[in-house]
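Colleague: Model the following, please.
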Amino acid sequence: MKSILLLSAALFLGGCASGPAVPDWKMNAGSAMERAISAYMSGNDRIEIQEFARARSAMASTGQVALVARAELIRCASRVASLVLDDCTGFEKLSQDAAAPERAYARYLAGNAQPQDIALLPPQQQRALQAVSDPAAAIAGISDPLSRLVAAGVLLRSGRADPAVLTLAVDTASAQGWRRPLLAWLGVQAMRAEQAGAETEAQRLRRRMDLVQQSKP
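Modeller: Residues are numbered from 1 along each chain as shown. Model (predicted):
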């Protein structure tokens, strides 16, 4: 998992093989963030907590608030992708020292993006936010699967996730083998099927959820 929009763990790595040596903290932070997000999406809370603590500690050693703020946003983005729609408290504690793009992205994750925030967001997220007639088509064009799920989560949070968005989110999580968001999105599909009186479809989705739950190590 290489990136999450402009708030990617790749921001912590920088450099290249032919350039100056990359400081240890960057390597440690980048790899730990990748492991943390991967563990969270797989449903392994213990590993996620440990790896995120390592990443955060490495970034905090620089005294750069912006880096830690981005890490907190990446963590919150993984929650939105998995439909855990809590406040991003880790970022809120740092928000007064965060830059405008980070504050705009935080509002985006919360479903509260303002018109002036759009230009501060990554281009793919701008298109997803501005899509009115066909939001599923807009987020289908997002190449990074985690970024696509984040966009779908924001659409659901803002009441704009139609059945096509739900199907795209389920297919995206399924293709990656990400248990946590897959269960969350299947759960939304099942709930909507039940509300529509489509009991046979709801039961099919519940059976699929049972299968995913059985796969957890």
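Colleague: count of residues packed around residue 190?
Modeller: 20 (other CB atoms under 10 Å). Yep, even glycine has a C-beta here, placed from its N, CA and C like the rest.
Colleague: do the same with residue 24
Modeller: For residue 24, the neighbour count with other CB under 10 Å is 10.
Colleague: Same check on residue 176?
Modeller: Going by other CB under 10 Å, the residues that sit close to residue 176 add up to 17.
Colleague: Isn't it up against residue 145?
Modeller: Yes - if you go by CB atoms under 8 Å, residue 176 and residue 145 touch, sitting 5.3 Å apart.
Colleague: Could you list the buried residues of the lengthiest helix in the chain?
Modeller: Ranked by residue count, the top helix of the chain under DSSP state H comes out as helix 24-42. Buried residues in helix 24-42, counted by 16 or more other CB atoms under 10 Å: 25-42.
Colleague: distance of the nearest residue to residue 208 once chain neighbours are set aside from residue 179?
Modeller: Spatial nearest neighbour of residue 208, chain neighbours left out: residue 186 (5.9 Å); criterion: CB to CB, 6 or more residues apart in numbering. Residue 186 sits 10 Å away from residue 179, going by CB to CB, to the nearest Å.
Colleague: Mind listing the shared neighbours of the two?
Modeller: Common neighbours of residue 186 and residue 179 (criterion: CB atoms under 8 Å, 6 or more residues apart in numbering): residue 212.
Colleague: Using CSV, write out the CA atom coordinates for stretch 107-117.
Modeller: The C-alpha trace of stretch 107-117 is given here as CSV (Å, rounded to 0.1, in the frame of the first residue of the first chain):
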residue,chain,number,x,y,z
ARG,A,107,-12.9,18.6,7.0
TYR,A,108,-13.2,16.4,3.9
LEU,A,109,-12.9,13.2,6.0
ALA,A,110,-15.6,14.6,8.4
GLY,A,111,-17.9,15.2,5.5
ASN,A,112,-17.7,19.0,6.1
ALA,A,113,-15.6,20.2,3.2
GLN,A,114,-16.2,23.8,2.3
PRO,A,115,-16.1,25.2,-1.3
GLN,A,116,-12.7,26.8,-0.5
ASP,A,117,-11.3,23.5,0.6
